[in-house]
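S.K.: prediction below, plus the sequence it came from.
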Amino acid sequence: MSAETIHGMIYFSPHARAAYAEIGVTDQRMGYFGSRSAAMGPVPAEVTIATFFNFHPRAVTRVIPEAWEIASPESFLHARLQGVDRTLRQAWGDNVDGPEIAEAADLARRAAERAATRPEGRPLFAGHASLPWAGEAHLVLWQAQTLLREYRGDGHVALLMSEGLDGVEALIVHAATGDVPGATLQAMREWNDEEWADGVARVRSRGWLEPGEELSLSTSGREHRRSVEDRTDALAAFPYEAIGEDGCARLRALAVPLSKAIIAGDVGFPPMLAARLAKVS
């Protein structure tokens, strides 16, 4: 989890929003869906709904395909990388050109390039894997971590589907872990109260929730969650064979202080999320 912050900051950074505004995109949702989908080309809303999985479809159809009428996928990708550059330079300062970041970028890129030899069944990852590598080390590090994140994410979606879960049900299970309040996930993914309540009822019918109004996993719910996460990790292990256990340990050692610098660098993380990331880093 320590390197997740290096990728995830792009979804909250004011520098990213400013970069999207420079290409004419001022709607925050459009910036998010457009920039993350752009690696797959000017895809219809249905492709974004399928690959992003747990957003309500109306959240996507409100901005896709309109996004492609405002800016091309290439423009989105360029703006996204500009946002990354500005954000990481703010967070890492003079260290942005330092040897630690160059070493971390090399390790992460080697893992990401191994992942790219096995793209089958991972459409969102495959789109990003088709992009050329950036030139500067801090951008390579972000790009590699993005690839590794999407590789794991595609595998996670496949496992959720194999368990028969839909998007809102997966969010409810996540909320019931206590990591993120259910109201936050519901609002972020744009499920209304009735849809959310129906999803809770379906998850409860599986025996995965404790009785009561508060969302809390039952014993079987915790076993389900642990099984999915463990299998997701197993499916995501292949890329890291390229750097071995020592390389993984070194990448983590390098990523922890870099992630902490991002969290401390006031780059837009909501306070609750920043606090949670600081704990896992």
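M.R.: Looks like it came in fine.
S.K.: what's the host helix or strand of Ala144 packed up against?
M.R.: Following DSSP states H and E, one finds Ala144 within helix 137-162. Helix 137-162 is packed against helix 4-8, helix 73-92, helix 99-115, helix 123-129, helix 219-235, with contacts defined by 3 or more CB pairs under 8 Å, 6 or more residues apart in numbering; DSSP states H and E. For the C-beta atoms, the positions are set from N, CA and C on the backbone; glycine is no exception.
S.K.: let's see it at 6 Å
M.R.: If you count contacts as 3 or more CB pairs under 6 Å, 6 or more residues apart in numbering; DSSP states H and E, helix 137-162 packs onto helix 4-8, helix 99-115, helix 123-129, helix 219-235.
S.K.: and it with helix 99-115, angle?
M.R.: Using axes from the mean of the first three to the mean of the last three CA atoms, to 10 degrees, the direction of helix 137-162 lies 40 degrees away from that of helix 99-115.
S.K.: name the residues of helix 137-162 that are buried.
M.R.: For helix 137-162, burial by neighbour count (16 or more other CB atoms under 10 Å) applies to 137-157, 159-160.
S.K.: from the contact counts, what lies against the very next helix or strand once past that helix?
M.R.: Proceeding N to C from helix 137-162, the next assigned helix or strand is helix 167-176, under DSSP H and E. On a contact count with 3+ CB pairs under 6 Å, 6+ apart, helix 167-176 meets helix 182-189, helix 193-205.
S.K.: ok, which of those helices comes nearest Ile243?
M.R.: When the helices and strands packed on helix 167-176 are compared by CB to CB, helix 182-189 sits nearest Ile243, at 33.2 Å.
S.K.: quick one: that closest one to helix 193-205, angle?
M.R.: For helix 182-189 against helix 193-205, the angle by the same axes, to 10 degrees is 120 degrees.
S.K.: extract the CA atoms of helix 182-189 and return them as PDB.
M.R.: The C-alpha trace of helix 182-189 is given here as PDB (Å, rounded to 0.1, in the frame of the first residue of the first chain):
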ATOM      1  CA  GLY A 182     -20.400   4.000   3.800                       C
ATOM      2  CA  ALA A 183     -21.900   7.500   3.300                       C
ATOM      3  CA  THR A 184     -18.600   8.600   1.700                       C
ATOM      4  CA  LEU A 185     -18.400   5.700  -0.700                       C
ATOM      5  CA  GLN A 186     -22.100   6.000  -1.600                       C
ATOM      6  CA  ALA A 187     -21.700   9.700  -2.400                       C
ATOM      7  CA  MET A 188     -18.400   9.300  -4.300                       C
ATOM      8  CA  ARG A 189     -19.800   6.600  -6.500                       C
END
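S.K.: buried set for that helix?
M.R.: Buried-residue list, helix 182-189, by 16+ other CB under 10 Å: Gly182, Leu185, Gln186, Arg189.
S.K.: kindly report the same for stretch 113-128.
M.R.: The neighbour-count check on stretch 113-128 (16+ other CB under 10 Å) flags Arg114, Ala115, Ala116, Pro119, Arg122, Pro123, Leu124, Phe125, Ala126, Gly127, His128 as buried.
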